[in-house]
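K.L.:
Quick one, structure for this:
(chains A and B)
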Amino acid sequence: MNSKGIMPAPFDEMSSADGNSRPGYELIKRWLDSETPESLGHRRLEAELLFRRIGITFAVYGDEEAEERIIPFDIVPRVLTKTEWRKLATGLEQRVTALNMFLADIYGTGEILKAGIIPSDLVYRNPYFRPEMMGLKLPHDIYVQIAGIDLVRTDAEDFYVLEDNARTPSGVSYMLENREVMMRVFPDLFAEYRIDPVETYPEELLATLTSVAPNSAPGEPAVALLTPGPLNSAYYEHSFLADKLGIDLVEGSDLLVRDNVVFMRTTEGLKRVDVLYRRLDDDFLDPLTFLPTSVLGVPGLMNAYRAGNITLANAVGTGVADDKAVYSYMPEIVRFYLGAEPILKNVPTWRCREKDACAHVLDNLHDLVVKEVAGSGGYGMLIGPAADKATRDIFAEKIKADPDNFIAQPTLALSTCPTVVDAGIAPRHVDLRPFVLYGADKVRIVPGGLTRVALKEGSLVVNSSQGGGTKDTWVLDA
Amino acid sequence: MRLKIRHETSYVYGTPATRAIQILRLTPRGHDSQFVVNWRIDVDQDCRLDASRDPFGNAVQSFTVEGPLDGLTIVAEGVVETQDNSGIVHGQAERLPLPVYLRDTPLTRASPGIRALAEQASAAAGPDTLPILYAIMNGIRDRLDFIVNVTDSGTTAIDAFSHGHGVCQDFSHIFIAAARHIGLPARYVSGYLFHTEMLDGQAAGHAWAEVLVDDLGWVAFDPANGIAATDSYVRVAVGLDYLGAAPIRGTRYGGADETMEVKIMVNETARAG
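P.N.:
Below you'll find the model as predicted:
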């Protein structure tokens, strides 16, 4: 945003400034030029019917009618070249490596805090920091086995990380379904392009989970997926993934702990579990350690964990890395542990817990995006340039009342991709969530990820809970 | 003092339970003014006690028993020697970074009323920490009546403070919330209290709090009684709140109509010959 408050034209991933297609988009452009609004409408309908048949739905929190609905799917794929992807993948691996070293450190001796690089209060008093994890040595020191890192692009060169999502990132089922639907609706495009496959994700995930099993586990560790149950908004994804991985989908009541070992009840009796891919939040995992009222968890699970008899993926206590004030230190975290410059950029962030930064934020609310440090999903944030004065004033009071709870960032000019709208094709803002699998043997990242698109014209909010859609993401094996 | 302690917890199930799991923080550890002469834990069922330490330094035992179970009895007993050290606790391995003891927990969150009490005590009692802590204790005792069986183990500091009554757990939670609010690291202590008027047995353990005081280290205060801990106090476990230091956290599978009875005997005993 410049001083006149006019947003510069965002970077479009298909069309370069001279009107030609950018690398990778030549065929997409040719294809879109050959379609009419009617023919696109038909394809769109065809895709939607396929989704309805597959049954992919999600429930929106805070929606009175909370009915399950289909996330809108846009049939125009988002394209990355191999060169672009290689750089991204290297940056992602670097980022998750640093995250894991950071978590092992703060639950161990806390060197980065002693060095004064991050204020220790920010970590030790963080709501998502779990003192119960202190001094526990995890197999292979891996805390984040699965990260869903949200990236946005601002120009031909630069990708910024918005969030690291080190807890239980969701959305990978959309990545897989989107590809399946695209291949069925546009077999001709897949014949013309050489697109890197994403279908290997389930086997890559299983290999990752198997690799982090406790040392005491047998040669073929037993892996299960722990879900909060059918009422959870991501239950579809849980059952989808368990099915694709060929592992058991379990709820807390299907598991029990005996002598610090975790077992699953089966029709043939108890079966030992070595690795839990848990899609249940820390608070609910074990009523004997965390929330005593939780009926979703497994009594005694934390004792089995501390005894080294089960691996939880992701580990307990990774949420501290998702705190947006902690996020703001990621460049320092990368440098501290790896002695290297971060490959992926961080969005410049003002921490309102710091007096000068807070004053700056309050003076410049009209230019900034303000977020709660623990917020996610696009909830509880202020987009300064899009808000009226009354809204900004209310938010200013919230910041003054509890500055520690807020950070602010400049509004980024998110890139756009061509998207089918009622009037034909128009640019819409997108982000990208690649899924990084961090195993004991290696790091696996299937090429691409989940592209989310803000379907409303000019909107920067891509969250599915706020009217966003998704696209298939192609990494071109050119 | 040389104290003989017996802590019996009995569960009876109207309909048999299929299994049970329990996490015990029932084993005191020594420090400079507390020496554990002997201690043992018995469970009246066939089970294996797994011993471990939690990050707060507590001795933890966990066990599972397979049913059918009509009931379950856990006995912790032993002899502990204590010395009066004005509540100052020295000689404990401190494993956790201090800011951890400034964390909010749901049970120890401060309301505006608790914050005001802490700030007033801090303003009125001058710069030294000890008088401030006594002023906070007195403020809580002015506000709260000690009444049993009205609050329960899930009552928050905020609720107890607004209702104006509670037991040692509630007094301690409020005290901890107030101390943390003015930047003093504080923790919850569960343990035993020797009391000449309760020699026939007590139906619950005692609870108090420790606050980190400059130059002194951790100092134990009993907000329910308005004093620093003495040699009548046997310290068993610490945590950020009751849940972190609870003597027993457990679950039963199946069964119904559970009744639980706790009987604690704390008596002075002569040195064995």
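
K.L.:
Write out the residues of the stretch 101-250 of chain B neighbouring chain A.
P.N.:
Proximity of the stretch 101-250 of chain B to chain A is confined to B:L102, B:R103, B:D104, B:G154, B:L240, B:L243, B:R249, B:G250 under the rule Cβ under 8 Å from any Cβ of the partner chain. Glycine gets a C-beta too; all of them are placed from N, C-alpha and C.

K.L.:
Would you mind writing the CA trace of stretch B:8-24 as CSV?
P.N.:
The C-alpha trace of stretch B:8-24 is given here as CSV (Å, rounded to 0.1, in the frame of the first residue of the first chain):
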residue,chain,number,x,y,z
GLU,B,8,-5.9,-44.4,53.0
THR,B,9,-8.1,-43.9,49.9
SER,B,10,-10.9,-46.4,49.4
TYR,B,11,-13.2,-46.7,46.4
VAL,B,12,-16.3,-48.9,46.5
TYR,B,13,-18.2,-49.7,43.3
GLY,B,14,-21.9,-50.5,43.5
THR,B,15,-21.6,-52.4,40.2
PRO,B,16,-18.1,-53.8,39.5
ALA,B,17,-15.7,-51.8,37.4
THR,B,18,-13.9,-53.5,34.5
ARG,B,19,-10.6,-51.8,35.1
ALA,B,20,-9.0,-48.7,36.7
ILE,B,21,-6.0,-46.5,36.1
GLN,B,22,-4.5,-44.2,38.6
ILE,B,23,-1.7,-41.6,38.8
LEU,B,24,-0.4,-41.1,42.3
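
K.L.:
ok, A:D477 - contacts?
P.N.:
For A:D477, the contact set (Cβ atoms under 8 Å, 6 or more residues apart in numbering or on different chains) comprises A:K82, A:R194, A:I195, A:D196.

K.L.:
Just give me the closest of these to chain B.
P.N.:
Chain B lies nearest to A:D196 out of those, by Cβ to the nearest Cβ, at 43.9 Å.

K.L.:
does the nearest residue to that closest one once chain neighbours are set aside sit in a helix or strand, and which one?
P.N.:
In this structure, A:D196 finds its nearest non-sequential neighbour in A:P447, 3.7 Å apart by Cβ to Cβ, 6 or more residues apart in numbering or on different chains. Per DSSP states H and E: A:P447 is located in neither a helix nor a strand.

K.L.:
tally of neighbours for A:P447?
P.N.:
Close neighbours of A:P447, defined as other Cβ atoms under 10 Å in any protein chain shown, add up to 21.

K.L.:
In contact with it, which residues are there?
P.N.:
By Cβ under 8 Å, 6+ apart, the contact set of A:P447 is A:W85, A:A89, A:D196, A:P197, A:V198, A:V475.

K.L.:
Write out the residues of chain A neighbouring chain B.
P.N.:
Residues of chain A lying close to chain B (Cβ under 8 Å from any Cβ) are A:110, A:113, A:120-121, A:123-125, A:127, A:129, A:131-136, A:256-260, A:287-289, A:292-293, A:299-300, A:303, A:306-307.

K.L.:
What segments of the stretch 1-150 of chain A are helices?
P.N.:
Using DSSP state H, counting those that start in this stretch, the helices assigned to the stretch 1-150 of chain A run over residues A:26-34, A:37-54, A:82-106, A:111-114, A:120-124.

K.L.:
mind saving the C-alpha coords of the worst-scoring helix or strand of chain A on mean pLDDT as CSV?
P.N.:
Lowest on mean pLDDT, DSSP states H and E among the helices and strands of chain A sits helix A:37-54, with a mean of 86. What follows is helix A:37-54 as a C-alpha-only set of coordinates in CSV (Å, rounded to 0.1, in the frame of the first residue of the first chain):
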residue,chain,number,x,y,z
PRO,A,37,-18.3,-19.2,-20.2
GLU,A,38,-20.9,-21.9,-20.9
SER,A,39,-18.3,-24.6,-21.4
LEU,A,40,-16.5,-23.6,-18.2
GLY,A,41,-19.8,-23.6,-16.4
HIS,A,42,-20.4,-27.2,-17.5
ARG,A,43,-16.9,-28.3,-16.3
ARG,A,44,-17.5,-26.6,-13.1
LEU,A,45,-20.8,-28.4,-12.6
GLU,A,46,-19.2,-31.7,-13.5
ALA,A,47,-16.5,-31.1,-10.8
GLU,A,48,-19.0,-30.2,-8.2
LEU,A,49,-21.1,-33.3,-8.9
LEU,A,50,-17.9,-35.4,-8.4
PHE,A,51,-17.2,-33.7,-5.1
ARG,A,52,-20.8,-34.4,-3.9
ARG,A,53,-20.4,-38.0,-4.9
ILE,A,54,-17.1,-38.3,-3.0
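
K.L.:
Mind giving me the packing neighbours of it?
P.N.:
strand A:73-81, helix A:172-185, strand A:424-433 (3 or more Cβ pairs under 8 Å, 6 or more residues apart in numbering or on different chains; DSSP states H and E).

K.L.:
Let me have the ones you listed in CSV, extended by mean neighbour count, mean pLDDT and distance to A:A207.
P.N.:
Putting the helices and strands packed on helix A:37-54 into CSV (neighbours: other Cβ atoms under 10 Å in any protein chain shown; pLDDT from 0 to 100; distance: least, Cβ to Cβ, whole Å) gives the following:
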stretch, mean neighbour count, mean pLDDT, distance to A:A207
strand A:73-81, 24, 95, 24
helix A:172-185, 21, 93, 15
strand A:424-433, 21, 93, 21
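
K.L.:
Can I get these in TSV including distance to B:A93?
P.N.:
Shown next, in TSV, are these (distance: least, Cβ to Cβ, whole Å):
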stretch	distance to B:A93
strand A:73-81	53
helix A:172-185	44
strand A:424-433	44
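
K.L.:
out of those, nearest to A:E35?
P.N.:
strand A:424-433 (8.5 Å; Cβ to Cβ).

K.L.:
Helix A:82-106 and the closest one, what's the angle between them?
P.N.:
Computed by axes from the mean of the first three to the mean of the last three Cα atoms, to 10 degrees, the angle separating strand A:424-433 from helix A:82-106 equals 40 degrees.

K.L.:
Quick one: mean pLDDT over whichever helix or strand comes after strand A:424-433.
P.N.:
Next along the chain after strand A:424-433, taking DSSP H and E as the criterion, comes strand A:435-438. Mean pLDDT, strand A:435-438: 98.

K.L.:
List the pairing partners of strand A:435-438 within its sheet, with orientation.
P.N.:
strand A:146-148 (antiparallel), strand A:443-445 (antiparallel) (DSSP bridges).

K.L.:
Quote the end-to-end distance of stretch B:46-60.
P.N.:
Using Cα to Cα, to the nearest Å, the end-to-end distance of stretch B:46-60 comes out at 19 Å.

K.L.:
residues making contact with the helix or strand harbouring B:V266?
P.N.:
Assigned by DSSP H and E, B:V266 belongs to strand B:256-268. Residues outside strand B:256-268 that contact it (Cβ under 8 Å, 6+ apart) are B:1-15, B:17, B:192-195, B:198-199, B:201-205, B:234, B:252.

K.L.:
got a list of what A:S39 touches?
P.N.:
Residues near A:S39 by Cβ under 8 Å, 6+ apart: none.

K.L.:
ok, and which of the strands paired with strand A:435-438 has the densest surroundings?
P.N.:
strand A:146-148 (a mean of 24; mean count of other Cβ atoms under 10 Å in any protein chain shown).

K.L.:
Following the chain onward from that one, which element is next?
P.N.:
Using DSSP H and E, the first helix or strand after strand A:146-148 is strand A:150-153.

K.L.:
Give me the helices and strands touching that following strand, please.
P.N.:
Against strand A:150-153 (3+ Cβ pairs under 8 Å, 6+ apart) you get strand A:159-163, strand A:424-433.

K.L.:
what angle do the last one and strand A:73-81 make?
P.N.:
To tie it back to what came earlier, the one meant is strand A:424-433. Strand A:424-433 runs at 60 degrees relative to strand A:73-81, counting by the same axes, to 10 degrees.
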